[in-house]
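Peer 1: fold the following and give me the result.
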Amino acid sequence: MTAPSRRMWIVVSVPCALILGQLALVAAIAPAPEQAQEPTCPGETMAVQATGVYANRPVPEVVINGAPWGGAYWEQGMRSYWHCHTAGQLLHVWEGEGRTQKRGERMRTLHAGEGDWASPGEEHWHGGATHTHAQFLQVSPTPSSTLWMEEVSETDYMGNGIGMETRAEFLRTGVREQPR
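Peer 2: Now for the predicted structure:
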């Protein structure tokens, strides 16, 4: 094996090993389908709800069972609405810099190679950073549904809130979009 080939193998193998480790963690902490409980989040099943440009973009470098692993591409400044997954969700930033936040906590920045786990029914959002895009690898144990809630406020996106004001307003009015 030549030196360039060896380097390429390491570049591809280290991220894949990290992802496989995260998948093993998901398998260890995700409830079995017969143990899964109905989530307590007040969302509804519907098409992806997002602010700005979102693309469902598989990552061809990561192949599981003969198919590229599912992913999402977020332009800079763009993000999902608050939502939850009935079986939880693993997020892993493959490229760029992403943001994620769980309800009641501060926003976190994730760099390429970093990941996060949202437990079943845990309200969260994710998207690109203010200055660059993010390509996320994402997986939920099956079966799983996504329940959508309200738009993420600029305050929460910028890291200055914990998502409670918008939740209270959404529960009171049922309105998903934030006032401009």
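
Peer 1: quick one: low-confidence ranges for the chain?
Peer 2: 1-39 (pLDDT under 70).

Peer 1: for Val63, give its distance to Leu171.
Peer 2: Computed with C-beta to C-beta, to the nearest Å, the distance linking Val63 and Leu171 is 42 Å. In short, each C-beta sits where N, CA and C put it, glycine included.

Peer 1: make that Met158, sorry
Peer 2: 23 Å.

Peer 1: what about the strands in the chain?
Peer 2: Listed in chain order, the strands of the chain (DSSP state E) span 50-51, 54-56, 59-64, 67-69, 71-74, 79-80, 83-85, 89-102, 108-111, 115-118, 124-128, 134-139, 146-148.

Peer 1: who wins for proximity to Glu44 among the ones you listed?
Peer 2: For Glu44, the closest of those is strand 146-148, at 6.0 Å, according to C-beta to C-beta.

Peer 1: now do the closest one: everything it contacts.
Peer 2: Residues outside strand 146-148 that contact it (C-beta atoms under 8 Å, 6 or more residues apart in numbering): 39, 41-46, 48-49, 81-86, 140, 176.

Peer 1: PyMOL command for the buried members of the residues you listed?
Peer 2: To isolate the buried members of the contacts of strand 146-148 in PyMOL, using 16 or more other C-beta atoms under 10 Å:
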select buried, resi 39+41+43+49+81+82+83+84+85+86+140+176
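
Peer 1: list the ones among the contacts of strand 146-148 that fall in helices.
Peer 2: Among the contacts of strand 146-148, none falls in helices (DSSP state H).

Peer 1: give the contact list for the closest residue to Glu165 other than its chain neighbours.
Peer 2: Spatial nearest neighbour of Glu165, chain neighbours left out: Ser153 (7.1 Å); criterion: C-beta to C-beta, 6 or more residues apart in numbering. Remark: with contacts taken as C-beta under 8 Å, 6+ apart, Ser153 is in contact with 161, 163, 165-166, 178.

Peer 1: mind checking which of those are buried?
Peer 2: 161, 163, 166, 178.

Peer 1: looking at those residues, which is nearest Val53?
Peer 2: Taking C-beta to C-beta as the measure, Val53 lies nearest Gln178 of the buried ones among the contacts of Ser153, at 17.6 Å.

Peer 1: quick check: the closest one vs Gly113, distance?
Peer 2: With C-beta to C-beta as the criterion, Gln178 and Gly113 are 32 Å apart.

Peer 1: got it, and Gln89?
Peer 2: Taking C-beta to C-beta as the measure, Gln89 falls 18 Å from Gly113.

Peer 1: more crowded one of those two?
Peer 2: More crowded of Gln89 and Gly113, by other C-beta atoms under 10 Å: Gln89, with 25 against 13.

Peer 1: and the more buried one, bridged to which residues?
Peer 2: Legend: beta-bridge partners of Gln89 under DSSP bridges are Ala118.

Peer 1: no further queries at this time; thank you.
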